Structure formats: C-alpha cells, structure tokens
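Visitor: need a structure here:
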Amino acid sequence: EGEAAEALARETGQVIACGGGLPTRSDSIAPLKETGTVVFLRREPGEIYDSVSMGGRPLGQQGRAAFLERYARREPIYLRWADHVVDVGATPQQTMKQILEVLEQ
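Guide: Have a look, this model is predicted:
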C-alpha cells in the first residue's frame, strides 16, 4: 500500500480514491499529501454501515458498534490529513459539485 501510494504520488492529473485505512498510515498518505490535494469525503458512519455491503469488508465483520467505534477513532486522523472536507451529498453529482467548488477556492 505504501509503495503504491508513493508511485501514484509521482503521477500527475490523477484522482486517487483510497480506503479508510490508508490515511491511518502516515507512510502511505504522506506522499499523496505532499504532491496533491487530499479531500476527505465525510459521510455519517451509521449510514455507511447501513447502506454499504459489509460482506467483503474485513472491518465491517465485527458488527455495527465496532464499525462506528473504529470510525470515531479514525475521523480525527482523516481530518488531520485532509486539505478539504466535503460532506457526501444525496447523489454522486451533488458530491462532485461540492468537490469542484472546494478545489476552485
């Protein structure tokens, strides 16, 4: 993961969507932060758990309470690395519009 982040950080014009664990490893997120703009797409964690299939997600296997606790521990890390925070909209189009607005500032 760290090597992939370093390789991607050397590229230009990329949009990189990472999982929730990458920002918890400074050696993985730091190269991306150094060479690009980090946007934290914030969404209510209970909504994530309730609407996303947790079948293939190792961190979702321990149940809703554990997922919410993990999110609460990680959110300060996400906020620390983020250049911008965008609350996820009702549609992908709304979210993209918000992302573009913060990047244009």
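
Visitor: which parts of the protein are helices?
Guide: For the chain, helices defined by DSSP state H occupy the ranges 2-9, 26-35, 45-51, 64-81, 92-104.

Visitor: what's the most buried one of those?
Guide: helix 26-35 (a mean of 16; mean count of other CB atoms under 10 Å). (Each C-beta comes from the backbone N, C-alpha and C, glycine too.)

Visitor: remind me what that one packs against, helices and strands.
Guide: Packing contacts for helix 26-35, counted by 3 or more CB pairs under 8 Å, 6 or more residues apart in numbering; DSSP states H and E, involve helix 2-9.

Visitor: which residues sit against the helix it packs on?
Guide: 14, 16, 18, 22, 25, 27-29, 31-32, 34-36 (CB atoms under 8 Å, 6 or more residues apart in numbering).

Visitor: dump the helices of the chain to CSV, plus mean pLDDT and distance to Pro58.
Guide: Shown next, in CSV, are those (pLDDT from 0 to 100; distance: least, CB to CB, whole Å):
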stretch, mean pLDDT, distance to Pro58
helix 2-9, 87, 18
helix 26-35, 93, 17
helix 45-51, 92, 14
helix 64-81, 95, 11
helix 92-104, 95, 25
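
Visitor: closest to Arg57 out of these?
Guide: helix 64-81 (8.9 Å; CB to CB).
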